[in-house]
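Undergrad: Starting from these lines, generate the structure:
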Amino acid sequence: MTGTEHPPRRVRSEPLPADPAPGPVPDSPRTWPHVLSLVASGLLGAAAGCLAISLAAHSRAYCDAGRDAGGMTELTLLLPVLVVGFAFCGVMVAMLTPRRHPLLRMVPVVLALGALVLWFFAVRGTLDGYPGDLGRCGPDNVPPWWPGWLPS
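TA: Residues are numbered from 1 along each chain as shown. Below is the predicted model of the structure:
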């Protein structure tokens, strides 16, 4: 030998000292957009729940449909259920979409929440057949300001 010694061989079961720990790193920049899109989806869902209640209440009050003034008691009791339910739906849709760009992940969330708002307006906002103010709205209790091309 020429005087240079080789370092001792390492056993294969030993991890390298610089090996990272298995699993995702919690502060990884890849996980923050995912978490932020889930939080944004939940907040958007909660806002959509408030919008659905507001739209239904405004429609009922305009057409004078509902047991009390615009059915506000029923809609007030539904408010927490709808806010939490729509927020949950927003988060679930965001979790089911592929992990791509966070803004692209929001497109299906917005479409799903928009469909839920329209569905709630058609089911609870118009009260078909309820005797309301026929001078302002027809027998289907759809206000004239509601666009005809949207379902009601």
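Undergrad: drop to CA atoms for contacts and neighbour counts, all remaining ones
TA: Noted.
Undergrad: Low-confidence stretches in the chain?
TA: Low-confidence segments of the chain (pLDDT under 70): 1-3, 6-30, 66-71, 132-134, 152.
Undergrad: Buried residues of the lengthiest helix in the chain, list them for me.
TA: With residue count as the measure and DSSP state H as the assignment, the chain has helix 31-63 as its longest helix. When burial is assessed from 16 or more other CA atoms under 10 Å, helix 31-63 yields the following buried residues: 34, 37-63.
Undergrad: which strands and helices sit next to that helix?
TA: helix 72-96, helix 102-120 (3 or more CA pairs under 8 Å, 6 or more residues apart in numbering; DSSP states H and E).
Undergrad: Let me have those in TSV, adding mean neighbour count and distance to P147 as columns.
TA: Supplementary listing: the helices and strands packed on helix 31-63 in TSV, determined by neighbours: other CA atoms under 10 Å; distance: least, CA to CA, whole Å:
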stretch	mean neighbour count	distance to P147
helix 72-96	18	22
helix 102-120	17	12
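Undergrad: can those go into TSV with extra columns for distance to D140?
TA: Rendered in TSV, the data for the helices and strands packed on helix 31-63 read as follows (distance: least, CA to CA, whole Å):
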stretch	distance to D140
helix 72-96	19
helix 102-120	15
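Undergrad: Tell me how far the closest residue to T97 other than its chain neighbours lies from A56.
TA: Take T97 and drop its neighbours on the chain: the residue closest to it by CA to CA, 6 or more residues apart in numbering is R105, 6.3 Å away. With the distance defined as CA to CA, to the nearest Å, R105 ends up 28 Å from A56.
Undergrad: can you pull the contacts of G129?
TA: Taking CA atoms under 8 Å, 6 or more residues apart in numbering as the definition of contact, the neighbours of G129 are 139-141.
Undergrad: how far away is R60 from A122?
TA: Distance, R60 to A122, using CA to CA: 12 Å.
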